[in-house]
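*Asks:* my questions are about this predicted structure, shown below with the sequence.
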Amino acid sequence: MLLSDLVYKVSLLATAGPMSAEVTHLTMDSRRVGPGSLFIAVRGTVSDGHSFIPKAIEQGATAILCEELPAERPEALPESVTFVQVENAPRAMGFLAANFYGHPSKKIKLVGVTGTNGKTSVATLLFRLFRALGYRCGLLSTVQNQIDDEVIPTTHTTPDAITTNELLVNMIKHGCTHVFMEVSSHAVVQERIAGLHFVGGIFTNITHDHLDFHGTFDNYIKAKKGFFDQLPRSAFALTNADDKRGAVMLQNTLARKESYSLQSLGTFKGKVLADGLFGMEMLVDERQVWFKLIGRFNAYNLLAVYGAAVLLGEDEEAILTELSSLTPPPGRFEQVISPDKIVGIVDYAHTPDALQNVLETIDSLRQSNDSGVLPQVITVVGCGGNRDAAKRPIMAQIACKLSDRVILTSDNPRFEDPMAILEQMQAGIPAIDYKKTRTIEDRRAAIQAAVAMARPHDIILVAGKGHETYQDIQGVKYDFDDRLELRKAYQIR
Ligand SMILES: CC(=O)N[C@H]1[C@@H](OP(=O)(O)OP(=O)(O)OC[C@H]2O[C@@H](n3ccc(=O)[nH]c3=O)[C@H](O)[C@@H]2O)O[C@H](CO)[C@@H](O)[C@@H]1O[C@H](C)C(=O)N[C@@H](C)C(=O)N[C@H](CCC(=O)O)C(=O)O
Ligand SMILES: Nc1ncnc2c1ncn2[C@@H]1O[C@H](COP(=O)(O)OP(=O)(O)OP(=O)(O)O)[C@@H](O)[C@H]1O
Ligand SMILES: N[C@H](CCC[C@H](N)C(=O)O)C(=O)O
Ligand SMILES: [Mg+2]
């Protein structure tokens with residue numbers, strides 16, 4: 001594509017060099033540059049892409065898009081390389097990617113889901129629901145990307161704009177009509193969704209997370225709201241009316257405002273009638289339905305999915321029929337039961353709110369046996385490294401408050417010292433709970449210890465890593481799967 005066509009509708013501050021250059025490849029990573037590439041210099045959190053411009057040119061880049069032009073063209077920079085200066089390179093990248101790939105997001109129905117917790121659950125349920133309703137669909141999620149049956153591994157909750165557009169093109173090639181994607185707050189701030197055309201946006205909830213990245217809770221709210229601010233007039237914006245910030249999210253959106261609620265008024269109303277370890281009965285817009293999902297937080301997820309499907313034009317009865325047979329995504333309240341009936345639950349709760357919800361759900365579901373003995377709840381939990389440190393003591397405190405025994409352990413330490421993370425968690429343990437808490441850094445040993453202390457019918461919650469099949473230590477991803485570790489521990493018990 002000609003560079004001049006590629007920058008269509010992107011406001012340019014300056015250019016230097018021929019705009020008739022032919023660009024065959026876009027990248028923000030100098031290591032992937034080759035002849036024909038347009039290199040986009042992005043200022044990151046670790047390094048500044050501008051410092052890789054000479055490297056990109058050395059590797060044959062055809063053009064460079066940047067926020068700052070090199071002061072003067074050094075001799076080493078060939079005249080044939082075109083420079084394009086913009087105010088916001090990541091944002092421009094979104095529009096360039098859309099132009100380069102022919103605006104695939106305008107050719108399918110793209111729905112985005114944002115919120116602290118529940119994005120993967122809602123996006124995955126929508127994907128499965130629409131497939132059950134007979135559509136070919138795409139999914140962009142934390143667990144995996146998917147084009148109908150084809151699974152594509154992912155490293156991020158929301159991919160960068162180039163990857164997303166590329167995936168959308170493939171989805172269209174495969175006949176997909178609907179795509180459901182998670183929109184993380186990082187993605188909004190880093191403009192990974194710039195240039196995408198959404199037909200709908202869904203808000204789940206907002207609670208404490210990622211303050212390391214956003215600095216304050218207000219900034220975190222603004223980031224999530226930024227998604228709804230970008231929606232076009234033709235889209236719907238579906239919010240959770242029961243969340244304190246649900247209305248704030250839609251304050252400045254042009255999109256049609258809709259809501260769902262279990263407690264107040266909303267376009268879509270629900271009520272939990274009964275809840276158990278095997279499912280939940282709900283009243284959804286006056287229809288009584290049995291779902292295979294567990295916990296009040298999932299009642300919200302189901303209602304969001306139902307509302308979005310109605311807004312996308314599907315029949316209420318058909319939606320509820322298909323929705324009632326769906327199971328949760330991997331690693332979300334996934335039960336791993338031992339031969340002697342210890343109930344292991346692997347859950348991706350990695351925020352204070354998620355941990356509290358899951359433990360409250362477990363508490364509400366446990367029932368005394370014939371001798372009047374209540375099953376114990378044993379929680380194994382850790383916090384990730386190089387992520388929000390403020391949530392560490394809070395999560396330990398919640399685990400202690402709502403469990404009989406707690407084992408603090410390592411999650412993905414990444415580049416931090418696991419013991420230092422654990423000390424920060426320990427700071428949140430109330431003195432009265434010291435006795436019921438142990439710290440075992442090795443996650444495998446921690447799971448084994450939990451299984452060793454459990455009696456039949458006790459519940460072991462292994463929280464934080466859910467579907468993950470690795471443990472990230474010093475940049476190396478070692479095989480590790482909480483579900484397999486539970487099964488192995490049952491065998492050696
Ligand atoms: C904090 C954060 O969001 N980091 C993302 C960011 O990296 P960064 O800012 O550190 O980038 P950098 O290393 O400083 O590099 C700046 C630029 O120089 C380029 N570069 C770098 C080296 C080089 O040799 N040549 C070169 O051109 C890089 O490609 C980049 O364009 O931009 C990178 C490229 O897009 C991302 O891969 C990276 O995600 C890292 C791996 C990450 O862990 N992100 C997490 C926090 C994240 O985004 N999480 C959210 C989910 C949160 C949730 O669901 O709760 C997500 O959407 O996944
Ligand atoms: N609607 C909800 N409200 C509160 N907690 C929830 C909700 N849905 C799920 N959870 C809890 O949060 C955990 C993560 O859920 P899910 O993976 O759907 O969230 P997410 O927003 O995609 O997370 P991430 O930010 O990592 O992508 C679940 O394992 C569960 O414990
Ligand atoms: N999407 C979240 C996932 C956290 C999962 C937890 N296991 C951890 O590693 O902290 C994040 O990147 O913050
Ligand atoms: Mg997710």
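*Replies:* Looks like it came in fine. Ligands and ions are numbered 1, 2, ... in the order given.

*Asks:* ok, then the element right after the helix or strand residue 398 falls within?
*Replies:* Residue 398 belongs to helix 391-401 when assigned by DSSP states H and E. Sequence-wise, the next helix or strand downstream of helix 391-401 (DSSP H and E) is strand 405-408.

*Asks:* tell me the mean pLDDT over that next one?
*Replies:* The average pLDDT within strand 405-408 is 98.

*Asks:* what pairs with it, parallel or antiparallel?
*Replies:* Strand 405-408 pairs in its sheet with strand 377-381 (parallel), strand 437-439 (parallel), by DSSP bridges.

*Asks:* next, count neighbours for the single nearest residue of the stretch 51-200 of the chain relative to ligand 3.
*Replies:* At 5.3 Å from ligand 3, residue 157 is the closest residue in the stretch 51-200 of the chain, using CB to the nearest ligand atom. For the C-beta atoms, the positions are set from N, CA and C on the backbone; glycine is no exception. Neighbour count of residue 157, defined by other CB atoms under 10 Å: 20.

*Asks:* where does pLDDT dip in this structure?
*Replies:* 72-77 (pLDDT under 70).

*Asks:* which strand is the longest one in it?
*Replies:* The longest strand of the chain (DSSP state E) is strand 268-276.

*Asks:* so which residues on the stretch 301-450 of the chain come close to ligand 3?
*Replies:* Within the stretch 301-450 of the chain, the positions near ligand 3 by CB under 6 Å from any ligand atom are 350, 384, 387, 411-412.

*Asks:* could you rerun that using 8 Å?
*Replies:* By CB under 8 Å from any ligand atom, the residues of the stretch 301-450 of the chain that approach ligand 3 are 348, 350, 383-385, 387-388, 411-412, 414.

*Asks:* so who does the closest residue to residue 30 other than its chain neighbours touch?
*Replies:* Take residue 30 and drop its neighbours on the chain: the residue closest to it by CB to CB, 6 or more residues apart in numbering is residue 52, 3.7 Å away. Applying CB atoms under 8 Å, 6 or more residues apart in numbering to residue 52 gives the contacts 30, 39, 41.

*Asks:* need the helices for the stretch 301-450 of the chain, in chain order.
*Replies:* Applying DSSP state H, counting those that start in this stretch to the stretch 301-450 of the chain gives helices spanning 316-323, 352-365, 391-401, 418-426, 443-453.

*Asks:* which one of those lies closest to ligand 4?
*Replies:* helix 352-365 (10.8 Å; CB to the ion).

*Asks:* is ligand 1 within reach of that closest one?
*Replies:* No - Helix 352-365 lies out of reach of ligand 1 by CB under 8 Å from any ligand atom, never closer than 10.6 Å.

*Asks:* gap between the closest residue to ligand 1 within the chain and residue 281?
*Replies:* With CB to the nearest ligand atom as the measure, residue 44 is the residue of the chain nearest to ligand 1, at 2.2 Å. From residue 44 across to residue 281, the span is 48 Å (CB to CB, to the nearest Å).

*Asks:* if you count what's nearby, which of these two comes out ahead?
*Replies:* Using other CB under 10 Å as the criterion, residue 44 and residue 281 rank with residue 281 on top: 15 against 10.
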